[in-house]
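Provide a 3D model corresponding to the input given below.
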Amino acid sequence: MNRRLVLATVAVAALLMGAGCAAFSGGISDEQLDREQNYSDVRDSDADVTIALEDGNLLHGGEYRAVYDLTGTEELSLSRSTIYSEEPLDIRSVHYWYPNGTEVNGSDLDIEQGGSATTIAVPDENGTLAFSGDAGRKTFRLPVYVAGSYEVRLPENHRASNFLFGEISPNGYEREVVDDRVRLTWDELETDRTLSLRYYLTRDIPLFLGLMSVVGLLGTIGIGYYYRQIKRLRAQREEFGIDLDDDSDDGPL
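Numbers count the residues shown, from 1 in each chain. As a prediction, this is how the structure comes out:
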């Protein structure tokens, strides 16, 4: 085969593979970056990073809103670990505030989504960055991208303290309830940690206990019915002269 033809074939294949990877990663559209979102209630926190969680429903998962007060950070690389690889974090509603309060939208920032990470380059290393993303219906997991103090606000009427239904990681947090929303705070988290939460509605525990009571009652009724049937059968056999306790052997001696 002609050498030039071989080289041309290899080059075309490489271009097709590159195009396929680019199509797979997809990137983030300006419409997604500039989607409306309100961060005013999250920005009033004293923590370096504040994350507010919103509850989902049976059809859709929840959502989180995260605000990062940057100190000497010019670029964030956002990714999530899976069983097989690192995947880029899918974000939306990106906002950035300069130290003087000037606000810009996500489409005005240098944001790239590659095959393994979403990279955000900010114009000032001491500004404030905010973005939103998807959370589980009753779960949340996000790596610590920036070292510092953290505050996580659970959805309204939700708790995470019951060991059967809730989980909070890492340890070393403080807990308070403000306007029926649990606030978890960490004085300092390093970038090698991951926030991992499992939470529940306050009504879930009474519902669970009620369900267990019904199951227990049905089980007791079933056992009682079975016991009565056994007694009835025993009485019938005794009526027909069948000695249930007769273990004698009537065979030849």
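
any residues touching stretch 55-69, and which ones?
By CB atoms under 8 Å, 6 or more residues apart in numbering, the surrounding residues in contact with stretch 55-69 are 37, 39, 42-43, 45, 47-54, 76, 93, 128-138, 140, 142, 145-146, 148, 155-156, 158, 201. All C-beta atoms are positioned from the backbone trio N, CA, C, and that covers glycine.

and if we set it to 7 Å?
37, 39, 42-43, 48-54, 128-137, 140, 146, 155, 158 (CB atoms under 7 Å, 6 or more residues apart in numbering).

Of these, keep whichever come out buried.
39, 42, 48-53, 128-133, 135, 140, 146, 155, 158 (16 or more other CB atoms under 10 Å).

beta partners for the spatially most central residue of the chain?
Nearest residue to the geometric centre of the chain (CA atoms, centre = their mean): Phe140, 2.7 Å. Beta-bridge pairing for Phe140 (DSSP bridges): Leu197.

Correct me if wrong: it contacts Thr194.
No: contact between Phe140 and Thr194 fails when scored by CB atoms under 7 Å: they sit 10.6 Å apart.

that older thread, please narrow the buried ones among the contacts of stretch 55-69 to those residing in helices.
The members of these that map onto helices under DSSP state H are Val42.

What about the buried ones among the contacts of stretch 55-69, which are in strands?
Judged by DSSP state E, the subset of the buried ones among the contacts of stretch 55-69 located in strands is 49-53, 128-133, 135, 140, 158.

and the closest residue to Asp30 other than its chain neighbours, helix, strand or coil?
Leaving out its chain neighbours, the residue that sits closest to Asp30 by CB to CB, 6 or more residues apart in numbering is Ser107, at 4.0 Å. Three-state call for Ser107 (DSSP: H, G, I helix; E, B strand; the rest coil): helix.

what's the burial count for Ser107?
Applying other CB atoms under 10 Å, we find 14 other residues in the vicinity of Ser107.

Distance check, it against Gly127.
Separation of Ser107 from Gly127 (CB to CB, to the nearest Å) stands at 16 Å.

go on, Gly136?
30 Å.

Tyr199 contacts Lys138, doesn't it?
Yes: when contacts are counted by CB under 7 Å, Tyr199 is listed as touching Lys138 (5.8 Å).

So these two - more neighbours on which side?
Tyr199 (25 against 21).

Contact partners for that one?
Counted by CB under 7 Å, 6+ apart, Tyr199 has contacts Lys138, Leu154, His158, Arg159, Ala160, Gly166.

Pairing partners for the third one in the sheet, please.
For His158, the residues forming beta bridges with it (DSSP bridges) are Leu201.

Now do the same for it: its pLDDT.
We note a pLDDT of 94 for His158 in this prediction.

isn't it right up against Leu201?
Yes: if you go by CB under 7 Å, His158 and Leu201 touch, sitting 5.9 Å apart.

For the stretch 51-200 of the chain, give me the ranges with low pLDDT.
Filtered on pLDDT under 70, the stretch 51-200 of the chain yields no residues whatsoever.

What residues does Ser169 make contact with?
Ser196.

Please name the bridge partners of it.
Bridge pairing for Ser169 - DSSP bridges - gives Ser196.

Next one: it from Ala160, what distance?
10 Å.

Now for Gln32, how many residues are close by?
Neighbours around Gln32, by other CB under 10 Å: 15.

Does it belong to a helix, a strand or coil?
helix.

and Trp186, how many neighbours does it have?
The number of residues near Trp186, taken as other CB under 10 Å, comes to 21.

State the helix or strand in which it lies.
strand 181-189 (DSSP states H and E).

mind listing what that strand pairs with, with the direction of each?
Strand 181-189 is paired, per DSSP bridges, with strand 148-153 (antiparallel), strand 174-178 (antiparallel).

thinking again about what came up before, test my guess that the residue nearest to Asp30 contacts Glu31.
No: using CB under 7 Å, Ser107 makes no contact with Glu31, being 8.6 Å away.
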